[in-house]
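>>> sequence and computational prediction follow.
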Amino acid sequence: MPERLVRVRAPGKVNLSLRVGPVQDDGYHPLITVFQAVSVHEEVVARPADEIVVTASGPQAELVPTDSSNLAVRAARLVAERAGVDDGVHLELVKGVPVAGGMAGGSADAAAALVACDALWGTGLSRDDLHELAAALGSDVPFALLGHTAVGQGRGHLLTPALARGEFHWAFAVQDRGLSTAAVYAAYDDLHGDTAPHPTERDDVPLMQALLAGDAVALGKALHNDLQTAALELDPALAEPLAVAQDAGALGVVVSGSGPTVAALARSRQHATALAAAFTAAGVADRVLTATGPVAGARVVQHGD
Ligand SMILES: C[C@@](CO)(OP(=O)(O)O)[C@H](O)COP(=O)(O)OP(=O)(O)OC[C@H]1O[C@@H](n2ccc(N)nc2=O)[C@H](O)[C@@H]1O
Ligand SMILES: Nc1ncnc2c1ncn2[C@@H]1O[C@H](COP(=O)(O)OP(=O)(O)O)[C@@H](O)[C@H]1O
């Protein structure tokens, strides 16, 4: 008899703009960020099991914790609690998104696990329920559920879908070494103290216009990341992929989120491949990826009995 399973795919993200205000009393920074989901995916395969357990495969899988700190395990527990079920699940994570790379792979796993457990257990949670559980798991998890292009406020979890026309092409320089999100925010505080400007939505008007028009040249000019200086301070070698992408004619280049992945916007699919080749030839990436965006958020791609 075929095994019952649910397979869910969830995207990684790039922050087209990331504007960071001064740290609040709760230790978090208020953000205005524009997320784009890209075609670098996590897959989560959920199968019935006696307990909630997780395994990981794919590049850098050995860096993923498989204990109860794993975000997918925490997601499964939240679904079980909310729905009042005591079923187990084996969550198999097939990692495509760099680990601790600033592309929110762990958040994608969490979003995928929420959707997968809901489908496997037939708990019938609403989209609003899932969004609420996602926000409790991490600032970037709600966006991994939603996908496409969206503006994030608060900790990044209060989302408004953004109008974006067309398809954008990306090349990513991936590093084996990760950067801790908390450490990058702490370095940002060291640089700015209480003097960090309060971001406003006006700052991203040119970027939103570029998205609306599907204008990759204008989008390239509008890419922005307030955490980039802090990431470079912790990892100065990141200046190299940034420079290589510029020399290879990228329309824009930016550290993705808290880094260390560097995201370069290309003119076309072929140009994205050329940018990736330039990263490899210059020896400034441990791995390269090409992708398009925007793409959909976490969704079931196989539900079999
Ligand atoms: C920087 C961003 C940009 O999208 O993404 P990544 O580069 O990590 O993917 C996010 O803000 C990361 O969100 P996420 O990775 O979900 O962070 P969380 O688990 O909620 O928080 C990890 C730590 O980062 C800091 N943090 C996070 C979000 C925020 N708005 N302010 C913060 O200061 C806090 O120190 C927190 O303890
Ligand atoms: N399912 C998961 N996949 C990856 N990392 C996870 C997971 N659950 C918890 N983590 C922890 O979260 C850290 C950062 O997660 P990740 O989403 O890969 O990077 P980033 O926050 O830079 O985008 C990892 O170093 C790891 O310790």
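Here it is on my side, so go on. Ligands and ions are numbered 1, 2, ... in the order given.

>>> domain assignment for this structure?
Following automatic domain parsing, one gets these domains for the chain: 5-162, 168-293.

>>> how about stretch 181-189, does it reach ligand 1?
Yes - applying C-beta under 6 Å from any ligand atom, one finds stretch 181-189 touching ligand 1 at 181, 182, 185. Glycine gets a C-beta too; all of them are placed from N, C-alpha and C.

>>> which secondary structure element contains the second one?
This means residue 182. Element membership of residue 182, judged by DSSP states H and E, is helix 181-192.

>>> what's the spacing between that helix and its chain's center?
How far helix 181-192 lies from its chain's middle: 19 Å, per C-alpha atoms, centre = their mean, to the nearest Å.

>>> same check, this time on stretch 213-220
Computed by C-alpha atoms, centre = their mean, the chain-centroid distance of stretch 213-220 equals 21 Å.

>>> same question for that stretch, mean pLDDT?
When pLDDT is averaged over stretch 213-220, the result is 98.

>>> buried stuff in it?
Residues of stretch 213-220 classed as buried by neighbour count (16 or more other C-beta atoms under 10 Å): 215, 216, 218, 219, 220.

>>> tell me the one of these nearest residue 90?
Comparing the buried residues of stretch 213-220 against residue 90 with C-beta to C-beta places residue 219 closest, at 40.8 Å.

>>> the strands in the stretch 101-250 of the chain, which residues?
All strands of the stretch 101-250 of the chain, identified by DSSP state E, counting those that start in this stretch, fall at 149-154, 158-161, 168-174, 224-225.

>>> most tightly packed of those?
Most buried of those, by mean neighbour count (mean count of other C-beta atoms under 10 Å): strand 168-174, with a mean of 26.

>>> what lines up beside that one in the sheet?
With DSSP bridges as the test, strand 168-174 is paired with strand 262-266 (antiparallel), strand 287-293 (antiparallel).

>>> on that earlier part again, what's the closest of the strands of the stretch 101-250 of the chain to residue 272?
Nearest of those (C-beta to C-beta): strand 168-174, 4.2 Å.

>>> can you tell me how far residue 224 sits from ligand 1?
Residue 224 sits 13 Å away from ligand 1, taking C-beta to the nearest ligand atom, to the nearest Å as the criterion.

>>> who does that residue bridge with?
Bridge pairing for residue 224 (DSSP bridges) gives the partners residue 17.

>>> what sits against the residue nearest to residue 165 when sequence neighbours are not counted?
In space, and not counting its chain neighbours, residue 165 is closest to residue 214: 3.4 Å by C-beta to C-beta, 6 or more residues apart in numbering. Neighbour list for residue 214: 164, 165, 166 [criterion: C-beta atoms under 8 Å, 6 or more residues apart in numbering].

>>> okay then, goodbye and thanks.
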